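what shape does this take:
(one chain, ligands or ions: 2)
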Amino acid sequence: MRKTILVAGIGLIGGSLAKGMAQSSDHHIIGYDLNEASLEFARLNGIIHEASTNFIEAAQRSDFIILAAPISETIALVNLLKTVSFKRKVIISDTASVKGAILKTASSLNSENVTFIGGHPMAGSHKRGVQAAKAHLFENAIYVLSPTNGNQHNEIEALKGVLIQTKSKFVVLMPNEHDEMTGVVSHFPHLIASSLVHQAKKWENTHAFLPKLAAGGFRDITRIASSNPELWQDIFYHNRDKMSVLLQEWIEEMKGLKQLLDHDQKEEMITYLNKAKLYRDGLAESKKGAIPAFYDLYVDIRDQPGAIASIVQLLAQEKISIKNIEILEVREDITGHMRLSFSSKKAQVASSTLLENNGYETMIQQ
Ligand SMILES: NC(=O)C1=CN([C@@H]2O[C@H](COP(=O)(O)OP(=O)(O)OC[C@H]3O[C@@H](n4cnc5c(N)ncnc54)[C@H](O)[C@@H]3O)[C@@H](O)[C@H]2O)C=CC1
Ligand SMILES: O=C(O)C(=O)Cc1ccc(O)cc1
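Ligands and ions are numbered 1, 2, ... in the order given. Next comes the predicted model:
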């Protein structure tokens, strides 16, 4: 039977979910958003089948409701749903990056007809808004589901049944566990990335040339500092207790590192760096998570017309698909380099061999 799915908040995440779910002819997708231009864009581009400006009316005729607004707005929508009388069975879920606050609000929502199951697709982008939505955004990514009680097995399976279109990998986690782990691997790194950018900015006041020295390492570690500030403030706020504990742990870790530096403990520093390298190298092999696993290849390029096109053409001829291209530095008449990212080790190695055989110098990022 055709399922009616209401997605409230048609931005990057809601739009991507809607676009993915709309691929099934068994789904009728209704979009709701406070921003009418976003809603109209979604309707005109086939991301949703129907645009609604009446949240409650649309909710009452839906089988599934997915709340994909900012966290504070999602809490407000859950509170609004508490006032609605549902005459048919409905499964409600959300996409918020922090689960504790949502599940606490939603715990009193469950009734004979209503089941709330928290959700968090663990992939995203530094962009926001429906224009950046992609049906494949969550492919191979972890999709966390957090039930509000232990008796929701059938409803979890039903929710997975509509979300299966995203091609993500479902895991069930309790909200506290989720917020602790995403705190460590997703939320806290954002705080550090932003603080590193602030440190560089301060140094620029006395060292004007500094930005020109900001090489690949600084760009890699601070990439996420370019994400949506309102989204991240909302995440930090709703996970503030765990963030504060992590920040204290980090301060202690930094004190330890300062000791190694101040006392010139070379061996201990090598051990410290080695342990981090081993763990990080292992992570790169895991499947797509919050940090996508890419296999990078650096290629030297000359600053001359067509230099990039000829590299891309060589790979295209061999049907090797490139996931990302970044030009790291090309100054006039000087060799610069380009970072190509692939989704498999095989593509990375094959590209290196192909390009080397055609006279390019390459370096594989291990
Ligand atoms: N951006 C990311 O990388 C990820 C974000 N998330 C979560 O997904 C949710 C949405 O984030 P994004 O899509 O990135 O944000 P976004 O800013 O791209 O989209 C949010 C949309 O919600 C709409 N909206 C705001 N208040 C509303 C309300 N009361 N009712 C209906 N619509 C409303 C906005 O107009 C906008 O279209 C957040 O809770 C976030 O924590 C989850 C995974 C990744
Ligand atoms: O871009 C990145 O590295 C991310 O960390 C994406 C992301 C952002 C927010 C989430 O709740 C989940 C994933």
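
what residues are up against the residue in the chain sticking out farthest from the centre?
For the chain, the residue at maximal distance from the C-alpha centroid (Cα atoms, centre = their mean) is residue 263, at 39.6 Å. For residue 263, no residue counts as a contact, taking Cβ atoms under 8 Å, 6 or more residues apart in numbering as the criterion. C-betas here are computed from N, CA, C, even on glycine.

please apply the same query to residue 322.
Taking Cβ under 8 Å, 6+ apart as the contact definition, residue 322 lies against 312, 315, 340-342.

mind picking the one among these that's closest to ligand 1?
Proximity to ligand 1 was ranked across those by Cβ to the nearest ligand atom; first place goes to residue 341, at 18.3 Å.

the closest one and residue 296 touch, don't they?
Yes. Under the criterion of Cβ atoms under 8 Å, residue 341 makes contact with residue 296 at 5.2 Å.

that older thread, just the contacts of residue 322: which are in helices?
Mapping the contacts of residue 322 onto helices (DSSP state H) picks out 312, 315.

show the backbone phi and psi for residue 121.
Residue 121 has phi and psi values of phi -80, psi 120 when expressed as degrees, to the nearest 10.

run through who's touching the longest helix seen in the chain.
Under DSSP H, the helix in the chain containing the largest number of residues is helix 240-262. With Cβ under 8 Å, 6+ apart as the test, helix 240-262 has contacts from 179-180, 183-184, 187-188, 191-192, 236, 265, 268-269, 272.

do that helix and ligand 2 meet?
No. Residues of helix 240-262 are not located near ligand 2 by Cβ under 6 Å from any ligand atom, the shortest gap being 13.7 Å.

tell me the mean pLDDT over the helix or strand just after that helix?
Downstream of helix 240-262, the next assigned helix or strand under DSSP states H and E is helix 266-284. For helix 266-284, mean pLDDT is 93.

what lines up beside the next helix or strand after helix 266-284 in the sheet?
Tracing the chain past helix 266-284, the next element assigned as helix or strand by DSSP H and E is strand 295-301. In the sheet containing strand 295-301, its partner strands are strand 336-342 (antiparallel), strand 362-364 (antiparallel), by DSSP bridges.

dump the longest one to PDB, keeping only the CA atoms.
Okay, so that is strand 336-342. Backbone C-alpha positions of strand 336-342 (Å, rounded to 0.1, in the frame of the first residue of the first chain) are rendered in PDB as follows:
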ATOM      1  CA  GLY A 336      51.600  22.500  -7.900                       C
ATOM      2  CA  HIS A 337      49.600  19.500  -6.900                       C
ATOM      3  CA  MET A 338      46.200  18.200  -7.000                       C
ATOM      4  CA  ARG A 339      44.500  15.800  -4.600                       C
ATOM      5  CA  LEU A 340      42.200  13.200  -6.200                       C
ATOM      6  CA  SER A 341      40.000  11.200  -3.800                       C
ATOM      7  CA  PHE A 342      38.600   7.800  -4.700                       C
END
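
what residues does the stretch 51-200 of the chain put near ligand 1?
Counting by Cβ under 6 Å from any ligand atom, the residues of the stretch 51-200 of the chain lying close to ligand 1 are 68-71, 73-74, 76-77, 95-97, 120-121, 124-125, 128-129.

among those, which are in strands?
Helix and strand membership here follows DSSP state E; of those, those in strands are 120-121.

filter the residues of the stretch 51-200 of the chain next to ligand 1 by proximity to ligand 2?
Restricting those to those near ligand 2 by Cβ under 6 Å from any ligand atom leaves 97, 124.

distance of the residue farthest from the centre of the chain relative to ligand 2?
Per Cβ to the nearest ligand atom, to the nearest Å, residue 263 is found 35 Å from ligand 2.

residue 272 now?
According to Cβ to the nearest ligand atom, residue 272 and ligand 2 sit 25 Å apart.
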